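Asks: Sequence and predicted structure below; questions after.
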Amino acid sequence: MRALLLVDIQNDFMPFGALPVAGGDEIVPVANALILRSGLVVATQDWHPVEHGSFASAHVGASPGDRVLLGGIDQMLWPDHCVQGTPGASFHSALDVAGIDRVVRKGSDPAIDSYSGFFDNDHRTATGLGEFLESHAVDEIVVLGLATDYCVRATVLDAVGLGFGVTLVTDGCRAVDATPGDGDRAIAEMHAAGVRVVESSHV
Ligand SMILES: [Zn+2]
């Protein structure tokens with residue numbers, strides 16, 4: 001059984017959002033087209049409490065882009081984003097949410113971030129996504145979303161580690177590229193881990 005996994009297609013990651021990803025809105029039509037062709041569709045949603053530990057604003061004197069230890073893990077600090085219940089945390093208004101079978105929220109623990117849809121960054125706490133997919137006999141997932149070099153990368157590498165076959169849809173992803181080339185390097189890393197890397201027309 002194959003499932004489509006949409007990563008964090010939320011307003012705050014759009015070009016108009018609090019943590020803008022260039023071209024983030026361009027992936028919405030790609031997602032909608034694949035939703036129509038997929039039997040099981042799961043979406044992750046970054047879902048932070050106010051003053052989440054990944055926010056620069058939660059650390060005295062810190063700015064976005066600084067790094068701290070959070071839960072014992074090296075953590076990039078971000079602008080406040082995807083705060084629970086705010087418009088920024090909502091899915092893009094053009095996303096076909098009626099076609100989503102299950103939403104998995106992550107990043108709710110203020111003391112640790114969760115780039116991956118499967119686990120918090122310390123890999124100690126699971127979100128339930130893996131169990132949900134296994135309960136539906138999913139063995140292969142098609143992944144797209146935001147951002148290539150953070151939450152997509154972490155989700156994909158965890159999926160590989162859990163034994164899922166993974167296809168990454170390149171035109172359905174955009175990168176933060178905090179350092180130029182981060183997105184391309186993340187795709188190369190996923191490919192080297194055994195991920196099938198294709199454009200949506202080849203899914
Ligand atoms: Zn976040």
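Replies: Perfect, thanks for sending it. Worth saying up front: this structure is predicted, and the values here are computed from it rather than measured.

Asks: Against which helices or strands is the lengthiest strand in the chain packed?
Replies: Looking across the chain with DSSP state E, the single longest strand is strand 165-174. Identification of packing neighbours for strand 165-174 by 3 or more Cβ pairs under 8 Å, 6 or more residues apart in numbering; DSSP states H and E yields helix 28-36, strand 140-146, helix 153-161, helix 182-192, strand 196-198. Using the backbone N, CA and C atoms, a C-beta is placed for each residue, glycine as well.

Asks: and it, what's its mean pLDDT?
Replies: When the per-residue pLDDT values of strand 165-174 are averaged, the result is 98.

Asks: buried set for that strand?
Replies: Within strand 165-174, the residues that qualify as buried are 166, 167, 168, 169, 170, 172, 173, 174, counting by 16 or more other Cβ atoms under 10 Å.

Asks: ok so, going back, of all the helices and strands packed on strand 165-174, which gets the most neighbours per residue?
Replies: strand 140-146 (a mean of 24; mean count of other Cβ atoms under 10 Å).

Asks: Tell me which residues are up against it.
Replies: Among residues not part of strand 140-146, those counted as contacts by Cβ atoms under 8 Å, 6 or more residues apart in numbering are 1-10, 13, 21, 24, 27, 30-31, 34, 38, 44, 133, 151-152, 155-156, 159, 164-169, 172-174, 200, 203.

Asks: Now with 6 Å, please.
Replies: Counting by Cβ atoms under 6 Å, 6 or more residues apart in numbering, the neighbours of strand 140-146 from elsewhere in the structure are 2-9, 13, 21, 24, 152, 156, 159, 164-169, 172-173, 203.

Asks: Can you list the strands that that strand pairs with?
Replies: In the sheet containing strand 140-146, the strands it pairs with under DSSP bridges are strand 2-7 (parallel), strand 165-174 (parallel).

Asks: Can you check what angle separates the shortest one from helix 153-161?
Replies: What that stands for is strand 2-7. When axes from the mean of the first three to the mean of the last three Cα atoms, to 10 degrees is applied, the directions of strand 2-7 and helix 153-161 differ by 150 degrees.

Asks: Just the CA atoms from strand 2-7 would do, formatted as CSV, please.
Replies: Once side chains and other backbone atoms are set aside, the C-alpha atoms of strand 2-7 remain, and they are given as CSV (Å, rounded to 0.1, in the frame of the first residue of the first chain):
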residue,chain,number,x,y,z
ARG,A,2,1.3,3.4,-1.0
ALA,A,3,0.5,6.7,0.9
LEU,A,4,1.1,10.3,0.0
LEU,A,5,2.8,12.3,2.8
LEU,A,6,2.5,16.1,2.7
VAL,A,7,5.0,17.9,5.0
